[in-house]
Structures are given as structure tokens and as C-alpha cells.
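**Student:** Predicted model follows, preceded by the sequence.
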Amino acid sequence: MMTDVRPAKFVAIDASTNNLAFALFSFGTLEMIGKINFEGKDIYQKCIDASQKVSAFLQHKNFINTDSMIIEHTVFMNSPKTAADLALVQGSIIGAAGVSGIFNVAKVSPITWQNYIGNKPLSKEEKLAIRSKNPGKSDAWYKSYERNIRKERTIRFIEVNYDKIIDDHDIADACGIGHWGLNNWSKGVS
């Protein structure tokens, strides 16, 4: 049964086509973090692997009485194939979660939780400063550099707000997703 009341215990998920990063929150406390890698030679094998691993993972003793999940919603960026593959993986994750007793799933878009933690897109001035300090690079290089700045901002936010030292961008993102869920759960289920 879906509810818009924030659960006492929930898992926050940042999924990609190759892995899942998670953050387990219990009564407002960040209790556990980690990452699960998916294996397979194509997206379908990765989906099967994801389903099996997520099902086993959610049956671990730390997840007892966890019936809720918040996941970063799939967004279309530049590649229809990547968006479709990510949707397949997320479907596998959510299906496995349902079989494992998760019945309350919330979602949040990347830009929504990032803005909420104060990690807004770089300003025009910030982008110009990067280009002036690093002239002659490709557009792809600048985008990657800007993305890494924002990823490091998320890591710092988690370090300051949860006193956790994290060196993995995906795990930090899962924590950021969970932080948004702590304070905005009802928006994620509507």
C-alpha cells in the first residue's frame, strides 16, 4: 500500500545500467551505504543480475522492516538507448524490491534533489572561469569537468551533514537522494 507519509526506515537508490548505489536511512539517521555491481554481456543479462542481487540484498538483516524505497527517476538526457536501458534496469530493481517486501516507492528527479542540497547547476560565470583557466579543451572535457565539480559538492554535503567520508560519487548521490526523501517524501510519491 502506497503512502505519502515518510517511512521510519527506507533505502535510497541511485541506479545506473552497471550498478546500484544505496543509502539506508532509519529514523532520520544514515545507517548504511554501499554499492552493488551488475554483470552481463548485454542489458538483459544485467537486468537479470540486478534483479537477483537486489532481491538478495533487500533480504539482508539490516533491511528487516524496510518496506520503502526512493529512487532517482529516469530522465532522458542525450541518448535514447541509455534512457531505455536505465529504465529496464530500474524496472528490474523495483520488481525485485516488490518481491522482497518493498511496497512504497518514491521517486525524485536528479535536478530536484541536487537543487535541494544546494548543488545547483554551475552558473554562467563559473563555466566561463573554468574555460578561462583551461583554454582549448573540447566541449566534452568541459562538461565532464563541470560534472565532477558538482559530484564533489555532493560528497562535501554528505560529509558535512552526515559526518560520513565517502569517495564514491554514486554512493554520495544515493545519500543526497535519501536526504531529499527525508524532508520531501510526500512529493516523491505523488
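**Tutor:** Now that the structure is in, tell me what you want to look at. Numbering: from 1, shown residues only.

**Student:** Only C-alpha atoms from now on, for both contacts and neighbour counts.
**Tutor:** OK.

**Student:** in this structure, which segments are predicted with low confidence?
**Tutor:** 1-3, 76-77 (pLDDT under 70).

**Student:** show me what contacts the residue sitting nearest the centre point of it?
**Tutor:** Closest to where the C-alpha atoms of the chain average out (CA atoms, centre = their mean) is D14, at 2.1 Å. Going by CA atoms under 8 Å, 6 or more residues apart in numbering, D14 touches 20-22, 71-72, 170-171, 173-174, 177.

**Student:** and what of F22?
**Tutor:** Contacts of F22 (CA under 8 Å, 6+ apart): 11-14, 33-35, 171, 174-175.

**Student:** Buried residues in the one helix or strand it maps to, which are they?
**Tutor:** Element membership for F22, per DSSP states H and E: strand 19-26. Judged by neighbour count (16 or more other CA atoms under 10 Å), strand 19-26 contains these buried residues: 19-26.

**Student:** and that strand, which strands flank it?
**Tutor:** strand 9-15 (antiparallel), strand 29-37 (antiparallel) (DSSP bridges).

**Student:** Using PDB, write down the CA coordinates of the first one.
**Tutor:** Right, the one you point to is strand 9-15. Only the C-alpha atoms of strand 9-15 are listed here, as PDB (Å, rounded to 0.1, in the frame of the first residue of the first chain):
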ATOM      1  CA  LYS A   9      13.100   3.300   7.500                       C
ATOM      2  CA  PHE A  10      13.800   3.400   3.800                       C
ATOM      3  CA  VAL A  11      16.500   2.800   1.200                       C
ATOM      4  CA  ALA A  12      17.600   5.400  -1.300                       C
ATOM      5  CA  ILE A  13      18.800   4.200  -4.600                       C
ATOM      6  CA  ASP A  14      21.000   5.700  -7.300                       C
ATOM      7  CA  ALA A  15      20.900   3.300 -10.200                       C
END
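
**Student:** chain center to that strand: distance?
**Tutor:** 7 Å (CA atoms, centre = their mean, to the nearest Å).

**Student:** longest single helix anywhere in the protein?
**Tutor:** helix 139-162 (DSSP state H).

**Student:** ok so, going back, C-alpha coordinates for the strand holding F22, CSV please?
**Tutor:** Taking C-alpha atoms only, strand 19-26 is exported to CSV below (Å, rounded to 0.1, in the frame of the first residue of the first chain):
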residue,chain,number,x,y,z
ASN,A,19,25.4,-0.7,-10.7
LEU,A,20,23.3,0.4,-7.9
ALA,A,21,24.4,2.7,-5.0
PHE,A,22,22.3,2.7,-1.9
ALA,A,23,21.9,4.5,1.4
LEU,A,24,19.8,3.1,4.2
PHE,A,25,18.0,5.7,6.4
SER,A,26,16.4,4.8,9.7
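
**Student:** and it, how far from the chain's centre?
**Tutor:** 8 Å.

**Student:** What is the longest helix of the chain packed up against?
**Tutor:** helix 124-133, helix 169-188 (3 or more CA pairs under 8 Å, 6 or more residues apart in numbering; DSSP states H and E).
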